[in-house]
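In: sequence and predicted structure below; questions after.
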Amino acid sequence: MSAKSTIIIIEDEKNICNFMATTLTAQGYKIITAANAKSGLSLIASCCPDLILLDMGLPDMDGIDVIKDIRSWASIPIIVISARTQEKEKVLALDTGADDYITKPFGPSELFARIRTALRHSNRLNTDSRLTLRPYEADGLIIDFDKHLITLSGSEVHLTQVEFKIISLLAQNSGRVMTYDSIISNVWGPYADDNNRILRVNMANIRRKLEKNPAEPHYIFTEIGIGYRMLEDKAG
Amino acid sequence: MTVYHKFFSEDTRLYKIYKEKFTDVSVTLLLLLLATLLSFIYWRISQNAANIALLYVIALVLIARKTEGYFWGIFASLVGVICINYLFTYPYYSLNFTLTGYPITFLGMLAVALTTSAVTNNMRNQMQMLADREKLLVEAEKEKMRANLLRAISHDLRTPLTSIIGASASYITNEEVLNEEQKKELVSHIYEDSNWLLNMVENLLSVTRIQDGVANVNKSYESVEEVISEAIIRLKKRLPDTQLSVRVPDELIMIPMDAILIEQVLINLLENAALHSRSELPIECYVDETADFVTFHVRDYGIGISPERLSTIFSGTAYTGNSSADSSRGMGIGLTICKTIITAHKGKLRVKSHDAGTEFYFILPKA
């Protein structure tokens, strides 16, 4: 990170806000904090931050409405902070336009990883580079999107068309969670049946071809009730 | 919630009453029709009217048995008498109430109807009473489980909190006196215990996902291997040194469940095995299936559990009799919650002792 990225934290719980601000400042980010949605939204408009950390349980506004409001005029990456048991809320937030989520309670390393990934993806979009077409590479797995070629520790892996589509989508968004719905509409088109069984079956096949033990995956992780997340691209 | 529930049950009860009334009418008419039909056939074949009354009596008994109250029995006996008089006694196809013995037939049939109805009603009342008592017993059992849970929770929460409060207070008051290493130790104690507390709270939260106690969870089809892998990742985050050996079947299994809850069960079972088995051998976690059920196994090769503790291990009282209660903290509540979750999925949670170690397994239905 050459220049300091600015992060705005919208969180009403003072202790959590302080903890995040302290650890992120120590990592070299510039931090702005807001205790409610209204002041948060006006700060976003005036400061143009590089990333937004948004708590879903704000006192003055519903988190989903805040995301809608921001997305109506800006594409700044949003990371949602939410409790573990509320999968439906997370899926809704992601489908509304949030980039990723982090589950309370979280440790600093998890927070840094999410922020890095979100900033990386938004940088790619901003510079409009052809980076997304560069092969994905992580721990011996190489996915070449141009040549439709996947190699695992040097040897080629054969996937079906659909399986390749799914894994390309996940790899291009590596490190980020992709909801079931977004994967299905990307791979099968917007009018596909929203029954995600077919996705699970394909995912099970992909795992059997890529992972040493499908029950202890190394590349593709499940976020139960939400979607899938692929191991972050190591070369990027 | 309760108001809604009340309305709902009121509604279904009304519906049930309507339905019962409706079935009563149809049962009565159907049986009478059947009796008349059979009588006709019998009468055509044998030209003997003597046994026809018996056919009606049989229909009458059945009607009184199947319907609610006395009305339909009396109604059927009236219809029966009129039918016999009109159809099967001379003069045919006309009513003649002056026949000798006619009042006797009528009184006899009425008596049969009334007695049968009375017996049936009596039986039904008794059955209702039995069902009510059963319900009360189940309710009491639930109440007992809740009380055990509460007891286990307050005990389990107090231990880590004491340590957290103690460590942080000692850090604040003695900051100048303590050296770096001691400070670090205190903070890492706080870290460990708050992590433990978090796990506990997550367990409790998962119980709130089960509404109304029994068999009411939000189920959707989930892939078994994904739930297992997620549980293992979360366990490894908390206990990175755990040795595990995981196997899943080659084909994808999808069964209806609340994945977050089942994940919680797996984490609890794996964590118990990791913390309490006192063994370096890897914990085995595997799945097998039959035509209708899927079984999840968590097996350790540790010190095992004594038979007397095994018998009460799921009740939440497992450790109250133990002399070193604090050393086994977490065992009680974790397993009680597992049991609650699995029961709510209409599954079974079991424990088996092996020569070396213990095996916990739970069975979930595939549909």
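Out: Thanks, I have the structure now. Numbers count the residues shown, from 1 in each chain, chains lettered A, B, ... in the order given.
In: going forward, measure contacts and count neighbours with C-alpha atoms only.
Out: Noted.
In: and the residue of chain B closest to chain A?
Out: Closest to chain A within chain B is B:Ser229: 4.8 Å, counting by Cα to the nearest Cα.
In: excluding chain neighbours, what is closest to A:Tyr180?
Out: A:Gly227 (4.8 Å; Cα to Cα, 6 or more residues apart in numbering or on different chains).
In: re earlier: so what's the residue count around the residue of chain B closest to chain A?
Out: Neighbours of B:Ser229 under the rule other Cα atoms under 10 Å in any protein chain shown: 21.
In: please verify my assumption that it contacts A:Ala215.
Out: Yes - contact criterion Cα atoms under 8 Å: B:Ser229 and A:Ala215 qualify, at 4.8 Å.
In: distance between the lengthiest helix in chain B and the chain's centre?
Out: Longest helix in chain B, counting residues (DSSP state H): helix B:102-173. Chain-centre distance of helix B:102-173: 12 Å, with Cα atoms, centre = their mean, to the nearest Å.
In: give me the next element, helix or strand, following it.
Out: Per DSSP states H and E, helix B:102-173 leads on to helix B:180-208 as the next helix or strand towards the C-terminus.
In: for the helix or strand following that following helix, packing partners?
Out: The helix or strand immediately downstream of helix B:180-208 is strand B:220-223, counting by DSSP H and E. Contact here means 3 or more Cα pairs under 8 Å, 6 or more residues apart in numbering or on different chains; DSSP states H and E; on that basis strand B:220-223 packs against strand B:254-257.
In: direction included, what does the strand it packs on pair up with?
Out: Partners of strand B:254-257 in the sheet, by DSSP bridges, are strand B:220-223 (antiparallel).
In: contact residues of chain A facing chain B?
Out: By Cα under 8 Å from any Cα of the partner chain, the residues of chain A that approach chain B are A:85, A:197, A:200-201, A:204, A:213-217, A:221-225.
In: now with 7 Å, please.
Out: Within chain A, the positions near chain B by Cα under 7 Å from any Cα of the partner chain are A:Arg200, A:Val201, A:Ala204, A:Ala215, A:Glu216, A:Pro217, A:Thr222, A:Ile224.
In: what sits against the fourth one?
Out: With Cα atoms under 7 Å, 6 or more residues apart in numbering or on different chains as the criterion, the residues that contact A:Ala215 are B:Glu225, B:Glu226, B:Ile228, B:Ser229, B:Val246, B:Arg247, B:Val248.
In: same question, the fifth one
Out: With contacts defined as Cα under 7 Å, 6+ apart, the neighbours of A:Glu216 are B:Ser229.
In: so A:Ile8 sits in a strand?
Out: Yes - counting by DSSP: H, G, I helix; E, B strand; the rest coil, A:Ile8 falls inside a strand.
In: pLDDT on the host helix or strand of A:Ala45, on average?
Out: Using DSSP H and E, A:Ala45 maps to helix A:37-47. Across helix A:37-47, the average pLDDT comes to 92.
In: and what of stretch B:245-254?
Out: Mean per-residue pLDDT for stretch B:245-254: 88.
In: list the buried residues in that stretch.
Out: Neighbour counts over stretch B:245-254 (16 or more other Cα atoms under 10 Å in any protein chain shown) mark B:Ser245, B:Val246, B:Arg247, B:Val248, B:Leu252, B:Ile253, B:Met254 as buried.
In: okay, and the residue of chain B closest to chain A sits in which element?
Out: Here B:Ser229, judged by DSSP H and E, is contained in helix B:224-238.
In: now for residue 62, how many residues are close by?
Out: Unless you meant another one, I'm taking chain A. Around A:Asp62 there are 13 residues (other Cα under 10 Å).
In: my bad, the chain I had in mind was chain B
Out: By the criterion of other Cα under 10 Å, B:Leu62 has 18 neighbours.
In: can you pull the pLDDT of it?
Out: Confidence at B:Leu62, expressed as pLDDT, is 85.
In: repeat for B:Ser324
Out: 41.
In: just say helix, strand or coil for the closest residue to chain B within chain A.
Out: Proximity of chain A to chain B (Cα to the nearest Cα) peaks at A:Ala215, 4.8 Å away. A:Ala215 falls in the coil class when you classify it by three-state DSSP.
In: what helices and strands are in contact with the lengthiest helix in chain A?
Out: Ranked by residue count under DSSP H, the longest helix found in chain A is helix A:108-127. Helices and strands touching helix A:108-127, by 3 or more Cα pairs under 7 Å, 6 or more residues apart in numbering or on different chains; DSSP states H and E: there are none.
In: after that helix, which helix or strand is next?
Out: Using DSSP H and E, the helix or strand that follows helix A:108-127 towards the C-terminus is strand A:136-138.
In: neighbouring strands for that next one, and are they parallel or not?
Out: Sheet pairing for strand A:136-138, assigned by DSSP bridges, gives strand A:141-144 (antiparallel).
In: list the contacts of the partner strand.
Out: Counting by Cα under 7 Å, 6+ apart, A:Pro135, A:Tyr136, A:Glu137, A:Leu149, A:Ile150, A:Thr151, A:Leu152, A:Ser153 sit against strand A:141-144.
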